[in-house]
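Trainee: Below: sequence and its predicted model.
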Amino acid sequence: MKFSMMVTMLLVLLSCTEWRASDSGGSAQYEDLQYEFPSLVHTFECLDSDALLVQTGALHSLPLFRLLYEDAMQVPAKGIKLCDAFIRDCRNPEAILYHTFRMLGAPAGGHGPPLASTSPRSHTIPSSDNLDLVISELTNKIGFSFLKEGERSWKILPLEIRIRILETLYAMEEADLVLQQFIGPIMDVAEFEKGNGIKQMLTSLMEPWHNKQLNNLSAITYIEKADLRKLSFASRLLATELSRLSRINSAEIPVAFKNCLISTNLGQIGIFGSGNDTIDGTFALLIDLGGNDLHTGNIASPVSFRNPISMIIDLAGDDTYDAQNGYLVNGCMGFGMLIDVAGKDLYQSENSGIASACYGTAMLYDMQGDDIYLSHSGFSQGVAHLGSGVLVDLEGDDEYCCNNSSQGYGGTMGTGLLMDLSGDDKYNYSHETPSFVQGASRGRWAEATDGHTLGGGLGIFIEGGGSDQYHANSFSQGAAYFMGTGLFFDLQGDDHYYAVSHSQGYGAHYSLSAFFEMSGDDRYNPGVDSLQITQILGSGRDLSVGWFIEEKGDDSYYFGNRSAGIGDLNGIGIMWDRRGSDTYTWYQNSLHPRSPSMGQTMKLTPGMRIGPRIINFPKGEQLGVFRDDHQSKRIIVPKK
């Protein structure tokens, strides 16, 4: 099947299955919630982000978090609008990246009124140009040089494809200049060896989030030197060009073409044919035109701040991306991006990766096929600290397995996104269940240690359709801890959710969380250990807000104590099931045995080790809300 025909079929498929906000009333239905929950209006008004910063001394909290915290009644409306933006632009990788950086307060190279003379692209080569002169110019700019028989192979490629590749090299040269301006101020104060590779750099840069107490506080200084607008601008330049390359028609490639290698100052460029290739090594740009390929080593991951760009486009084939001891789509101090157009693919990494960013951008964009994503380390599958980490899968029945802090996780000044638009997908189905996954975020709470408290980021998880299975342990499926924001959206399908605690719209310690299920007959936590399940389904603790909204369907809920719409310790929790005949099973187990569930407020007691709070709610406020708008519901309380 020709590539162009395949793309047409894919677009038709997506247009049939794509969820739109208008299908269920969109964000408008949530914009006047003061009329739905009048008792909470004054309570929400008590949330004060300025007082929160005075209380915690937190550095580097997201502007978005402060905005939402001041108007937490609008979290559902604004959350749905954000989800709509990602769904609307799902076929536009550069727009997706733009939205993630916009959430960090660092939009660049995206929408807005550019100058009339501003070109949307950095360099356009007319087809009438003499490409030998263009290559000569690139030789002077970036040290362009063919390796081995590369020049002979290059001339076999169709003219249009050669032009696109050369235009991409111009964009890479421009983006490299911007990235060096992003990296330079950080490296000027860096205390780790400049010649260290990605593993040593990651260890040093991630110290604040791996260690509760720092004796050497230089890693905090790195944060202050990071200008995310520069990273945002460079990311847009590169994503735009790689997206254009993904539209190459592989049917136009002559059978005689095998491969072409090019050396540049930016790193190696590789163009591989339609055979079944084994590809090892680090490339600044790798274009694979087809075949069932094996990729090993550092895959779409810059390994040095001196060469901060690494990109792959694979047009067809059932491919295996096995990083082994290397890195897979890891953006550390740079930009890593992989677009796989078609095929049943396996992505596997021993290290943090599969779209993991630290002071950088990482994006994996898979367009078609039943794929498997295996991460054996944490901070994987759509994760970011100071940057953007994005994993998008457009179509197929996929399986995801990960460790902690993954699958749409946002660390300090980071947006982590996992978006899967269709298919019956499984998350951690055959894997030890992790925590802080599937739309989660966490800050660094250091009041009791070195005092360098850091705000959390934004973790977003979006599932577009299919009957899916979600498995997690705690702080997952729309959850946040300490000044983080965690958002979870499932738009269609009869889904099964499994979590043990602190999940499904749960926020703790000055955080915001929201869980949205828009349609389907869903089951929540069936089979989860009834003796362990607790604090779940729309709960907020310690000046946090947790929203749980089930739009429609005949649903079954299983939960323990202190769950289902609980306002805990001056937090706000809302569980709202709007339509359907539902069943609620409450296990009154030995965890928090005196604690209520289903729309109650937990007060501060002397035994709770919570320091003095500058901000508190007026006494007597109802902070926990349980609401089922359908008259037909069953509540079951099994005997102990």
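Mentor: The structure has been received and is ready for your questions.
Trainee: quick one: residue 531 is in a helix?
Mentor: No: judged by DSSP: H, G, I helix; E, B strand; the rest coil, residue 531 forms no part of a helix; its state is coil.
Trainee: May I have the predicted confidence score for it?
Mentor: pLDDT for residue 531: 94.
Trainee: If you drop the residues flanking it in sequence, what lies closest to it?
Mentor: Closest residue to residue 531 apart from its sequence neighbours, by Cβ to Cβ, 6 or more residues apart in numbering: residue 589 at 5.1 Å. Using the backbone N, CA and C atoms, a C-beta is placed for each residue, glycine as well.
Trainee: The one you found - how many residues pack around it?
Mentor: 17 (other Cβ atoms under 10 Å).
Trainee: Which of the helices or strands spans it?
Mentor: Using DSSP states H and E, residue 589 sits within no helix or strand.
Trainee: Could you list which residues are in contact with residue 452?
Mentor: 59, 208, 214, 217, 220, 444, 446 (Cβ atoms under 8 Å, 6 or more residues apart in numbering).
Trainee: 7 Å instead?
Mentor: 59, 214, 217, 220, 446 (Cβ atoms under 7 Å, 6 or more residues apart in numbering).
Trainee: now it: how far from residue 487?
Mentor: 27 Å (Cβ to Cβ, to the nearest Å).
Trainee: out of the contacts of residue 452, who has the most neighbours?
Mentor: Most surrounded of the contacts of residue 452: other Cβ under 10 Å gives residue 446, at 22 neighbours.
Trainee: As a check, name the ranges of all strands in the stretch 151-300 of the chain.
Mentor: Using DSSP state E, counting those that start in this stretch, the strands of the stretch 151-300 of the chain run over 259-263, 269-272, 278-280, 285-288, 294-296.
Trainee: Same question for the stretch 351-500 of the chain.
Mentor: So, for the stretch 351-500 of the chain - with DSSP E, counting those that start in this stretch - the strands run 356-366, 372-375, 383-393, 399-401, 409-410, 414-420, 426-427, 440-442, 458-463, 469-471, 479-481, 485-490, 496-498.
Trainee: which of the strands of the stretch 151-300 of the chain sits most buried?
Mentor: Among the strands of the stretch 151-300 of the chain, the stretch with the highest mean neighbour count (mean count of other Cβ atoms under 10 Å) is strand 285-288, at a mean of 25.
Trainee: what's the pLDDT at residue 438?
Mentor: So, for residue 438, pLDDT stands at 98.
Trainee: cool, residue 324 as well?
Mentor: 88.
Trainee: how much space between it and residue 402?
Mentor: 17 Å.
Trainee: And for residue 589?
Mentor: Residue 589 is 28 Å from residue 402, by Cβ to Cβ.
Trainee: Over to residue 150?
Mentor: From residue 150 to residue 402 the distance is 39 Å (Cβ to Cβ).
Trainee: Show me which of the two is the more surrounded one.
Mentor: residue 402 (29 against 18).
Trainee: Name the nearest residue to that one, ignoring sequence neighbours.
Mentor: Per Cβ to Cβ, 6+ apart, closest to residue 402 is residue 375, 4.4 Å.
Trainee: what about that neighbour, how many neighbours?
Mentor: Neighbours around residue 375, by other Cβ under 10 Å: 28.
Trainee: One more: residue 125?
Mentor: Neighbours around residue 125, by other Cβ under 10 Å: 14.
Trainee: what stretches of this protein score poorly on pLDDT?
Mentor: Scanning the chain for pLDDT under 70 picks out the ranges 1-27, 110-122, 126, 128, 194-196, 604-622, 640.
Trainee: Helices along that one, start to end?
Mentor: Remark: helices assigned in the chain by DSSP state H are 3-17, 33-36, 41-45, 49-56, 63-70, 75-88, 93-102, 131-142, 150-154, 159-189, 198-205, 207-210, 218-225, 228-245.
Trainee: can you put those in JSON lines and add distance to residue 554?
Mentor: Formatted as JSON lines, these follow (distance: least, Cβ to Cβ, whole Å):
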{"stretch": "helix 3-17", "distance to residue 554": "22"}
{"stretch": "helix 33-36", "distance to residue 554": "22"}
{"stretch": "helix 41-45", "distance to residue 554": "31"}
{"stretch": "helix 49-56", "distance to residue 554": "39"}
{"stretch": "helix 63-70", "distance to residue 554": "32"}
{"stretch": "helix 75-88", "distance to residue 554": "22"}
{"stretch": "helix 93-102", "distance to residue 554": "34"}
{"stretch": "helix 131-142", "distance to residue 554": "60"}
{"stretch": "helix 150-154", "distance to residue 554": "60"}
{"stretch": "helix 159-189", "distance to residue 554": "51"}
{"stretch": "helix 198-205", "distance to residue 554": "46"}
{"stretch": "helix 207-210", "distance to residue 554": "41"}
{"stretch": "helix 218-225", "distance to residue 554": "48"}
{"stretch": "helix 228-245", "distance to residue 554": "41"}
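Trainee: Indicate which one of those helices is closest to residue 277.
Mentor: For these, proximity to residue 277 was assessed by Cβ to Cβ; helix 150-154 is nearest, at 13.7 Å.
Trainee: which helices and strands does that closest one pack with?
Mentor: Counting contacts by 3 or more Cβ pairs under 7 Å, 6 or more residues apart in numbering; DSSP states H and E, helix 150-154 packs against strand 259-263.
Trainee: Kindly recompute the last result at 10 Å.
Mentor: Helix 150-154 sits against helix 131-142, strand 145-147, strand 259-263, strand 269-272, with contacts defined as 3 or more Cβ pairs under 10 Å, 6 or more residues apart in numbering; DSSP states H and E.
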